[in-house]
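Enquirer: the following block contains a protein sequence and its predicted model.
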Amino acid sequence: MTPLALAPVLALLAHAAPEPVPLADAPASWRPAVERAREAAADFQQRLQGRLAQAMGAGGPAAAVAVCHEEAPRIAREVGAERKAEIGRTSDRLRSPGNAPPAWARSAVERLAGRTAAEVGPLAVDLGDRVGVLLPIAVKSACLACHGPAAGLSPKVKEALAAAYPADRATGYAEGDARGFTWVVTAR
């Protein structure tokens, strides 16, 4: 192959997303960024879970759909601003197109689709001056009211999902499945 013919191939390789590594195998130089990412993700999850619990207590699972739709993105932005990080949730089976995987996470999200949470561990990605972290979201029994098999969802939940997420693909999970990831990007 001539050098001219190799140019497009080399250009594609230069823009390929870096491969994630298990957190346990991440270089020591990434550890401060990884720790900040874990703390930001824990803060995000705690705040979101708190709001979901309030909504479930006040209005059941259909009210929780509204929290995920309306409040989760705001909570992610607030925690991100406070912790100097970017935060989001993603999956191979999206509920919201706004939760599509960042380019750096896409291959890992696709490769790990359909596994249980026990099979999926946290990952880190070298993003140059930043580190990306993917933390699996395990489906718990309470999650099944909105993410379980479609036939088992209540009519109110189905109605809320159809209104908030017309292209929803985030049902059909079982307890213990990996539903997707919380992703966090922090500076080194």
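Expert: That came through fine.
Enquirer: what are the boundaries of the helices in the chain?
Expert: For the chain, the helices defined by DSSP state H cover 3-14, 31-66, 72-83, 106-111, 144-147, 155-164.
Enquirer: hey, C-alpha coordinates of the last one in CSV?
Expert: Listed next in CSV are the C-alpha coordinates belonging to helix 155-164 (Å, rounded to 0.1, in the frame of the first residue of the first chain):
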residue,chain,number,x,y,z
PRO,A,155,-50.2,1.3,33.2
LYS,A,156,-49.2,4.6,35.0
VAL,A,157,-45.5,3.9,34.5
LYS,A,158,-46.1,3.0,30.8
GLU,A,159,-48.0,6.2,30.3
ALA,A,160,-45.3,8.3,32.1
LEU,A,161,-42.5,6.6,30.0
ALA,A,162,-44.3,7.1,26.7
ALA,A,163,-44.8,10.8,27.5
ALA,A,164,-41.3,11.5,28.7
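Enquirer: ok and it relative to helix 31-66, angle-wise?
Expert: Angle, helix 155-164 to helix 31-66, by axes from the mean of the first three to the mean of the last three C-alpha atoms, to 10 degrees: 110 degrees.
Enquirer: list the buried residues for helix 155-164?
Expert: Buried residues in helix 155-164, counted by 16 or more other C-beta atoms under 10 Å: 157-158, 160-161, 164. Yep, even glycine has a C-beta here, placed from its N, CA and C like the rest.
Enquirer: which other residues reach it?
Expert: With contacts defined as C-beta atoms under 8 Å, 6 or more residues apart in numbering, helix 155-164 is touched by 60-62, 65-66, 68-69, 95, 145-146, 150, 153, 168, 171.
Enquirer: run through the chain and note the low-pLDDT ranges.
Expert: 1-16 (pLDDT under 70).
Enquirer: out of the helices of the chain, which is closest to residue 134?
Expert: Checking those against residue 134 by C-beta to C-beta gives helix 106-111 as the closest, at 6.0 Å.
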